[in-house]
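Student: Provided below for reference: sequence and predicted model.
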Protein chains: 4
Amino acid sequence: MFAAQGYRATTVRKIADAAGMLAGSLYYHFDSKESMLDEILATFLDELRSRYDAVLAAGLGPRETIEALVTESFREIDRHRAAVAIYQKESPHLRTQPRFGYLTASQRKFEKAWLGTLERGVAAKVFRADLDIRLTYRFVRDTVWVAASWYRPGGQHGPEEIARQYLSTVLEGIAVRD
Amino acid sequence: MFAAQGYRATTVRKIADAAGMLAGSLYYHFDSKESMLDEILATFLDELRSRYDAVLAAGLGPRETIEALVTESFREIDRHRAAVAIYQKESPHLRTQPRFGYLTASQRKFEKAWLGTLERGVAAKVFRADLDIRLTYRFVRDTVWVAASWYRPGGQHGPEEIARQYLSTVLEGIAVRD
Amino acid sequence: MFAAQGYRATTVRKIADAAGMLAGSLYYHFDSKESMLDEILATFLDELRSRYDAVLAAGLGPRETIEALVTESFREIDRHRAAVAIYQKESPHLRTQPRFGYLTASQRKFEKAWLGTLERGVAAKVFRADLDIRLTYRFVRDTVWVAASWYRPGGQHGPEEIARQYLSTVLEGIAVRD
Amino acid sequence: MFAAQGYRATTVRKIADAAGMLAGSLYYHFDSKESMLDEILATFLDELRSRYDAVLAAGLGPRETIEALVTESFREIDRHRAAVAIYQKESPHLRTQPRFGYLTASQRKFEKAWLGTLERGVAAKVFRADLDIRLTYRFVRDTVWVAASWYRPGGQHGPEEIARQYLSTVLEGIAVRD
DNA sequence: CATGAATGAGATTTCATTCAT
DNA sequence: AATGAATGAAATCTCATTCAT
């Protein structure tokens, strides 16, 4: 519900209705609406971190690492679409609250993983040297995550197929080669 | 403020504080909070539509049309970053309200422009034939707009430079060619 | 907990926490929060009444009766500090509820004991004739009971010593005699 | 209402009803229920402090200073009975909250005024040397303030008369002199 | 004798909006 | 064009209590 309507627009009453209980009863399980959000985001980021760590620990080349990171990201969207969408929509302003400081911490960690891999690729002459690394990172990151806003699990394309198409675009370009 | 904190989270009082007046005084200028949002979005979409129309009317080739659309989009972000961010964040659920039905109408128009150009490019063998057109459209559209969330006017890169970098990525790919 | 934080501010959950059980479990032992309060107050007043009765039955002179009543009161504070504090803090508004009507009944009984003794003392020329008996009663009663708010059992002075000091103050005055 | 029914038992709805407005309207004037309590207590303590300061600055002898402090206290009860009653009832547990830390600060200041005067009196042989100063201070302080629980402005005795009677009791004692 | 999960009433607070001045 | 004081609906949260297990 947070993903579909936004955190603020989702009332605890609506959540309780959907859960088949009264609004007050939710407070037996969570001590605030914010705690629900927190649990969703923290769980998501924890899982994502461990997936990324596994990829980085595999010792792949830069191109293969990018491919694996992209694929894992689309898989994460497939598994926890709502969490990703919430993260996308709410994290920019949540970040300013102390309670959600870990959002910034996570983001920095992920940024390092992506940037490092791109740099490694440029050094190994696997990626073009004339591109702004930081800008490329942002394009790649955004395109991957923003997919959470339209991706529907069980739809026409699975996460691996979407990752393949996306990687093809970003690695080879959409222009026909001379 | 809508862009930074979200429409729901931005109270009329906060807006009034920032405007140096009391909450009630805003109602002399707008008849509701929703009207402010409406004015922001409608103005933005009007302007964007006319820019896109100008591009499409210029009779360019498919690749040049894509380049022009992307460049105009980044320019729009440069001019009205907040409006774009609001559009990105709020339009999915605003769309369901009759008052904001024009969001869907606009989106359809834009979609047609992008899809049509991509198709034209494939037919003209300017773009690769093995791409999922619809998926490619989504990738391109989202990456362009989501830039509103990190772009800062007056920063290191102007909109044209960002467009150039982005187009280079998406057209040629980031992989080094053999 | 009722004494420290007030009856209203003490939640059933806090009581249960302190008792090492869950809130619902308390209801095996008491049928309501109010019952706990009731038991505390009724027990306290019962005991106090029997102590006062014993003093009054002893047939002492007015001065000795006052001394004994004061001493018994401080002893009661020593034994049941919390109950006295609760009585002080909550009885004024509890009194209005039918269930706690016995608070008024008790108070009247105690008042009669004190007033009667003071009057007897004035008649016997043991106490000054120029005093407002009712005002004196209130001063004495309040000062004794309010001691529950600062008295700590096991502190520097025991209840008998405090009673002695207080009686010296109220009987002889604090001014040096010429 | 806080004085009569206790802070917790007084709902904002009841306050609003008494004020002839809706509950939400109170929040135009106060930002929380706690703020109302805060304003009552802070105002009361401020005024009391300035009255006590005036007495102490007058350079009276110890007995006259005690007489003046007692009289000012009863006058304060006469003027702001409710504030005094709230202070009596709520300050012990409010003190633990940072926001109400000034309660402890005030109390220490007042304590110093009373204790200092009593010590001065003992040194000047105006007050008996055989009494525990600290205990005497508590008796005097409590008796004065607890009067707020039964005093009714406009009743039989004005504040000066009550102060006179009380001072007679505590200075000369209630026992007839031999 | 205690738990775990609820209920339901009501508490405080928020907030867009109104309106006389 | 703005203020100051409300309204009223609804939001989040609290809490005594219930009850099957």
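Tutor: Nice, I can see it.
Student: show me the contacts for the closest residue to A:Pro92 other than its chain neighbours.
Tutor: Distances taken as C-beta to C-beta, 6 or more residues apart in numbering or on different chains put B:Ser149 closest to A:Pro92, at 6.5 Å, once the chain neighbours are dropped. Where you see a C-beta, it was placed from the backbone N, CA and C, and this is true even at glycine. If a contact means C-beta atoms under 8 Å, 6 or more residues apart in numbering or on different chains, then B:Ser149 has A:Pro92, A:Asp142, B:Ala85, B:Gln88 as its contacts.
Student: who wins for most neighbours among those residues?
Tutor: Taking other C-beta atoms under 10 Å in any protein chain shown as the neighbour criterion, B:Ala85 ranks highest of those with 22 neighbours.
Student: Now do the contacts for that residue.
Tutor: With contacts taken as C-beta under 8 Å, 6+ apart, B:Ala85 has the following neighbours: B:Ala3, B:Ala148, B:Ser149.
Student: Measure how buried the second one is and give me the count.
Tutor: So the one you mean is B:Ala148. By the measure other C-beta under 10 Å, the count of residues near B:Ala148 is 23.
Student: And for the closest residue to it other than its chain neighbours, the neighbour number?
Tutor: Counting by C-beta to C-beta, 6+ apart, B:Val84 is the residue found nearest to B:Ala148 once chain neighbours are left out, at 3.8 Å. Here the number of neighbours of B:Val84 (other C-beta under 10 Å) works out to 24.
Student: Can you classify B:Val84 by secondary structure?
Tutor: Following DSSP: H, G, I helix; E, B strand; the rest coil, B:Val84 is assigned to helix.
Student: Check whether A:Glu47 sits in a helix, strand or coil.
Tutor: Criterion first, three-state DSSP; result for A:Glu47: helix.
Student: check contacts around it.
Tutor: Under the criterion of C-beta under 8 Å, 6+ apart, the contact list for A:Glu47 reads A:Glu76, A:His80.
Student: same check, this time on A:Glu111
Tutor: With contact set as C-beta under 8 Å, 6+ apart, A:Glu111 has these partners: A:Tyr137, A:Arg141.
Student: what about it, which helix or strand?
Tutor: Here A:Glu111 is covered by helix A:101-123, with elements defined by DSSP states H and E.
Student: dump the residue contacts of the nearest residue to A:Glu72 once chain neighbours are set aside.
Tutor: Of all residues beyond its chain neighbours, the one nearest A:Glu72 is A:Arg51 (4.7 Å), with distances taken as C-beta to C-beta, 6+ apart. Taking C-beta under 8 Å, 6+ apart as the criterion, A:Arg51 is in contact with A:Glu72, A:Arg75, A:Glu76.
Student: Counting neighbours, what do you get for A:Ala18?
Tutor: If you count neighbours by other C-beta under 10 Å, A:Ala18 ends up with 10.
Student: Tell me if I'm right that it and A:Met1 touch.
Tutor: Yes. Contact status for A:Ala18 versus A:Met1: in contact at 6.5 Å, counting by C-beta atoms under 8 Å.
Student: for chain A, what spans make up the helices?
Tutor: Shown for chain A, the helices assigned by DSSP state H span residues A:2-5, A:12-19, A:26-29, A:33-57, A:62-79, A:81-94, A:101-123, A:133-146, A:159-172.
Student: Dump these into CSV; add mean pLDDT as well.
Tutor: Listed next are the helices of chain A as CSV, based on pLDDT from 0 to 100:
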stretch, mean pLDDT
helix A:2-5, 94
helix A:12-19, 96
helix A:26-29, 96
helix A:33-57, 97
helix A:62-79, 96
helix A:81-94, 94
helix A:101-123, 96
helix A:133-146, 91
helix A:159-172, 92
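Student: returning to what we had before: ok, the residue nearest to A:Pro92 to DNA strand F distance?
Tutor: Plainly put, B:Ser149 is 25 Å away from DNA strand F if you go by C-beta to the nearest atom of the strand, to the nearest Å.
Student: Do you know the pLDDT at the residue in chain A that DNA strand E sits nearest to?
Tutor: Here the residue of chain A nearest DNA strand E is A:Gly24; by C-beta to the nearest atom of the strand that distance is 2.7 Å. Looking at A:Gly24, its pLDDT reads 95.
Student: Does chain B have contacts with stretch A:131-141?
Tutor: Yes. Among the residues of stretch A:131-141, A:Leu131, A:Asp132, A:Leu135, A:Thr136, A:Arg138, A:Phe139 lie within reach of chain B under C-beta under 8 Å from any C-beta of the partner chain.
Student: Just the closest of these to chain C, please.
Tutor: Within the residues of stretch A:131-141 next to chain B, the smallest distance to chain C is 48.4 Å, found for A:Arg138 (C-beta to the nearest C-beta).
Student: before we move on, back to that, relative to D:Leu115, which of the contacts of B:Ala85 is nearest.
Tutor: The closest of those to D:Leu115 turns out to be B:Ala3 (C-beta to C-beta; 60.9 Å).
Student: What sits closest to the residue in chain A that DNA strand F sits nearest to if chain neighbours are left out?
Tutor: The nearest approach of chain A to DNA strand F comes at A:Gly24, 2.6 Å away (C-beta to the nearest atom of the strand). With C-beta to C-beta, 6+ apart as the criterion, A:Gly24 has its nearest non-adjacent residue at 8.0 Å, and that residue is A:Ala16.
Student: got the contact list for that neighbour?
Tutor: Residues in contact with A:Ala16, defined by C-beta under 8 Å, 6+ apart, are A:Leu22, A:Ala23, A:Gly24, A:Ser25, A:Leu26.
Student: Narrow those residues to those that are buried.
Tutor: Among the contacts of A:Ala16, those buried by neighbour count (16 or more other C-beta atoms under 10 Å in any protein chain shown) are A:Leu26.
Student: JSON lines for the contacts of A:Ala16, including distance to B:Lys125?
Tutor: Converted to JSON lines, these look like this (distance: C-beta to C-beta, whole Å):
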{"residue": "A:Leu22", "distance to B:Lys125": "63"}
{"residue": "A:Ala23", "distance to B:Lys125": "60"}
{"residue": "A:Gly24", "distance to B:Lys125": "64"}
{"residue": "A:Ser25", "distance to B:Lys125": "62"}
{"residue": "A:Leu26", "distance to B:Lys125": "58"}
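Student: which of the contacts of A:Ala16 sit farthest apart?
Tutor: Counting by C-beta to C-beta, the most remote pair of the contacts of A:Ala16 is A:Leu22 and A:Leu26, 8.2 Å apart.
Student: State the distance from A:Met21 to A:His29.
Tutor: 9 Å (C-beta to C-beta, to the nearest Å).
Student: what's the answer for A:Ala82, then?
Tutor: A:Ala82 sits 18 Å away from A:His29, going by C-beta to C-beta.
Student: between those two, who's got more neighbours?
Tutor: Per other C-beta under 10 Å, whichever of A:Ala82 and A:His29 has more neighbours is A:Ala82, with 15 against 11.
Student: Now for the closest residue to the more buried one other than its chain neighbours, how many residues are close by?
Tutor: Once flanking residues are discounted, A:Ala82 sits nearest to A:Ala3: 3.9 Å by C-beta to C-beta, 6+ apart. For A:Ala3, the tally of surrounding residues (other C-beta under 10 Å) stands at 22.
Student: next one: the one 4 residues further on
Tutor: Close neighbours of A:Tyr7, defined as other C-beta under 10 Å, add up to 21.
Student: ok, the residue nearest to it when sequence neighbours are not counted - contacts?
Tutor: Taking C-beta to C-beta, 6+ apart, and ignoring the residues beside it in sequence, A:Tyr7 has A:Glu90 as its nearest neighbour in space, at 5.4 Å. Contacts for A:Glu90 (C-beta under 8 Å, 6+ apart) come out as A:Phe2, A:Gly6, A:Tyr7, A:Leu37, A:Leu41, B:Gly6.
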